[in-house]
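**Student:** let me see the structure of the following:
(one chain, ligands or ions: 1)
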Amino acid sequence: MTNVSASFQLGDLKISQLSDGATFRDPKILFDGVEEKDLVAALGLANSSELIPFNFSTFLIESQQNKWLVDTAYGFRDPEENTESCAELLIRLSEKGVQPSDIDFVVHSHLHFDHVGWNLDENNKITFPNATHIVAEQEFDWWINYEGNDHPLKEKVQEKFKPLIENNQIKTFVGDYKVNEFLTMIYAPGHTPGHTIQLIESGGESLILVGDGAHHPQHLVHQDWHPIFDWDRPQARAARKKIANIAIEKNSIVSGVHWPILTLGKLSEKNGNYDLKFIDK
Ligand SMILES: [Zn+2]
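**Tutor:** Residues are numbered from 1 along each chain as shown. All right, here's what the predicted structure looks like:
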């Protein structure tokens, strides 16, 4: 059984990763077209048919003043076959002593369905009644307003926002955006048109939550290895390089909602070759 939650301290902030489903994925989906021998070596697999651990999750961040979430995971649903856990975010949240009404704001890395799921609960009611949902304007427009987006799950995403729009719980921004003294949303499009990452800083430490800029830590090392889900591959590559370079420049810890709980890394670069070492915290 993999972990379903874990917490650590970053300066004055308590950071918790909360599972909404621990499952497994075919690495060939996450690393489309990568040569088998390269993939097997990078991921330490017996062969490329071996499934790799994959999580749907949310990060809860608690300061003395506020509680906020990064993404709202996959939401209420039927379990996948052979999954270890599923649709459990609200249970994991309450285990941390936090009720949905305690959440002050939610930031969305992007609006793919597995990052907006708990915007609404199992009764299609707003899950976080006191939270402003913050998302890049370009991302919001792409999913909510742009008729040219023919993504098959577009309407499901729109349903997850309709009550929030009616209730004035949405805030959008353009470019990079400093949400508060600890959190900056950094524009890193490519996986989707308005994808952002989250830079979190406190007490001289920093953490970058990579969104779907890296479904797996090895995406930050091999920035030209693409999941099948990337919307624009050249932009997604550039975003991954940008994420890696910011992480190195700031000596940030990196982590992501799809990484097994808890996976923290530090990146380095030499002669254009990137490396990631896992760390404990
Ligand atoms: Zn995702």
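**Student:** quick one: the helices in the stretch 1-150 of the chain?
**Tutor:** Taking DSSP state H, counting those that start in this stretch as the criterion, the stretch 1-150 of the chain contains helices spanning 27-30, 36-43, 89-95, 137-140.
**Student:** wouldn't residue 156 be in contact with residue 114 here?
**Tutor:** No: checked against CB atoms under 8 Å, the pair residue 156 and residue 114 is beyond contact range at 10.9 Å. To be clear about C-beta, it is placed using only N, CA and C from the backbone, and glycine gets the same treatment.
**Student:** between these two, which one's more packed in?
**Tutor:** residue 114 (21 against 13; other CB atoms under 10 Å).
**Student:** quick check: the closest residue to the more buried one other than its chain neighbours vs residue 266, distance?
**Tutor:** For residue 114, ignoring the flanking residues on the chain, the nearest one in space by CB to CB, 6 or more residues apart in numbering is residue 74 at 4.5 Å. In this view, residue 74 and residue 266 are 28 Å apart by CB to CB, to the nearest Å.
**Student:** so for those two, which sits in the more crowded spot?
**Tutor:** Using other CB under 10 Å, the more surrounded residue of residue 74 and residue 266 is residue 74, with 26 against 15.
**Student:** for the residue nearest to residue 114, what are its contacts?
**Tutor:** For residue 74, the contacting residues are 20-21, 56, 87, 113-114, 117-118, taking CB atoms under 8 Å, 6 or more residues apart in numbering as the criterion.
**Student:** with these in mind, which one is nearest to the ion?
**Tutor:** residue 114 (4.5 Å; CB to the ion).
**Student:** rewinding a little: the ion: which of the helices of the stretch 1-150 of the chain is closest?
**Tutor:** When the helices of the stretch 1-150 of the chain are ranked by proximity to the ion, the top entry is helix 27-30, at 10.5 Å, counting by CB to the ion.
**Student:** show me what that closest one is packed up against.
**Tutor:** Applying 3 or more CB pairs under 8 Å, 6 or more residues apart in numbering; DSSP states H and E, we find helix 27-30 packed against helix 36-43, strand 52-62.
**Student:** so which bits of that helix are buried?
**Tutor:** Using 16 or more other CB atoms under 10 Å as the burial criterion, the residues of helix 27-30 that qualify are 27, 30.
**Student:** can you check stretch 14-27 too?
**Tutor:** Within stretch 14-27, the residues that count as buried by 16+ other CB under 10 Å are 15-25, 27.
**Student:** right, is that stretch up against the ion?
**Tutor:** No: contact between stretch 14-27 and the ion, assessed by CB under 5 Å from the ion, is absent, since the two come no nearer than 10.8 Å.
**Student:** flag every residue of the stretch 151-281 of the chain that's near the ion.
**Tutor:** Taking CB under 5 Å from the ion as the measure of proximity, the stretch 151-281 of the chain contacts the ion at residue 212.
**Student:** please repeat the previous calculation with a cut-off of 8 Å.
**Tutor:** 211-212, 215, 229, 257-258 (CB under 8 Å from the ion).
**Student:** which one of the residues you listed sits closest to residue 103?
**Tutor:** Distance from residue 103 was checked for each of those by CB to CB. The minimum falls on residue 257, at 16.2 Å.
**Student:** show me the contacts for the closest one.
**Tutor:** 17, 55-59, 70-71, 73, 109, 115, 209, 211.
**Student:** the longest strand in this protein is where?
**Tutor:** strand 13-25 (DSSP state E).
**Student:** how about that strand as CSV, C-alpha atoms only?
**Tutor:** Once side chains and other backbone atoms are set aside, the C-alpha atoms of strand 13-25 remain, and they are given as CSV (Å, rounded to 0.1, in the frame of the first residue of the first chain):
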residue,chain,number,x,y,z
LEU,A,13,4.3,26.5,6.2
LYS,A,14,3.0,23.1,6.8
ILE,A,15,2.7,21.3,3.4
SER,A,16,0.6,18.1,3.0
GLN,A,17,0.1,16.0,0.0
LEU,A,18,-3.3,14.3,0.2
SER,A,19,-4.2,11.4,-2.0
ASP,A,20,-7.4,11.2,-4.1
GLY,A,21,-6.4,7.9,-5.7
ALA,A,22,-3.2,5.8,-5.7
THR,A,23,-3.0,3.9,-8.9
PHE,A,24,-0.7,2.7,-11.6
ARG,A,25,-0.1,3.8,-15.2
